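J.: pasting the sequence and the predicted model now:
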Amino acid sequence: MRIVVTVENPTGAFQEKLLDLLAEHAAQVEVDTTWTVERALQYYRTIPPRAQDIVKGAVAGDGFVSDADLRTDGSSLRGHSGALKRILERGVREGWWPDGMQAPIQPQGPGFGKVKGYRMPGDLVQTFFTAIDRYNKQK
């Protein structure tokens, strides 16, 4: 049997009871950490505009956007990885997705803070393409 439960804006008491019940049966509970179009749309909508450029560039580049493509105006990429990570963490706190979601995009580089680009897993490109398309139609 498969049961899917979605609770929007639960009260604190209800959420606590539900989480206690799930914890009691943790061995049989599987958390859905799949990036859906709805989750991708929420992620994209919430990240800052410069981070949106990174995600959009990775989607357009079939999963990769280089640092050169992102620095067309000579700007720095410093701090953008943090914004991408903070939104992932915020999504857990806000209940947009469960804890354990993998970051949809990762900085690529030799280390020491030098970013050579950003990579998105190939299986997420179409999901985020659809989400970005919906976002642009809603604007």
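T.: That came in fine, so what should we check first?
J.: ok, now which ones touch Ile87?
T.: Under the criterion of Cβ atoms under 8 Å, 6 or more residues apart in numbering, the contact list for Ile87 reads 43, 46-47, 51. Any C-beta I mention is one placed from the backbone N, CA and C, and that applies to glycine too.
J.: quick one: buried residues of the helix or strand containing Phe128?
T.: Assigned by DSSP states H and E, Phe128 belongs to helix 122-138. For helix 122-138, the neighbour count (16 or more other Cβ atoms under 10 Å) marks 124-125, 127-129, 131-132, 135 as buried.
J.: re earlier: who wins on neighbours among the contacts of Ile87?
T.: Sorting those by how many neighbours each has (other Cβ atoms under 10 Å) puts Tyr43 first, at 26 neighbours.
J.: and the residue lying closest to that residue once chain neighbours are set aside, how far is that from Ala13?
T.: Using Cβ to Cβ, 6 or more residues apart in numbering and skipping residues adjacent in sequence, the residue nearest Tyr43 is Ile87, 6.0 Å away. Computed as Cβ to Cβ, to the nearest Å, the Ile87 to Ala13 distance reads 28 Å.
J.: what's the mean pLDDT across the helix or strand where Val59 lies?
T.: Using DSSP H and E, Val59 falls within helix 49-60. Averaged across helix 49-60, the pLDDT comes to 94.
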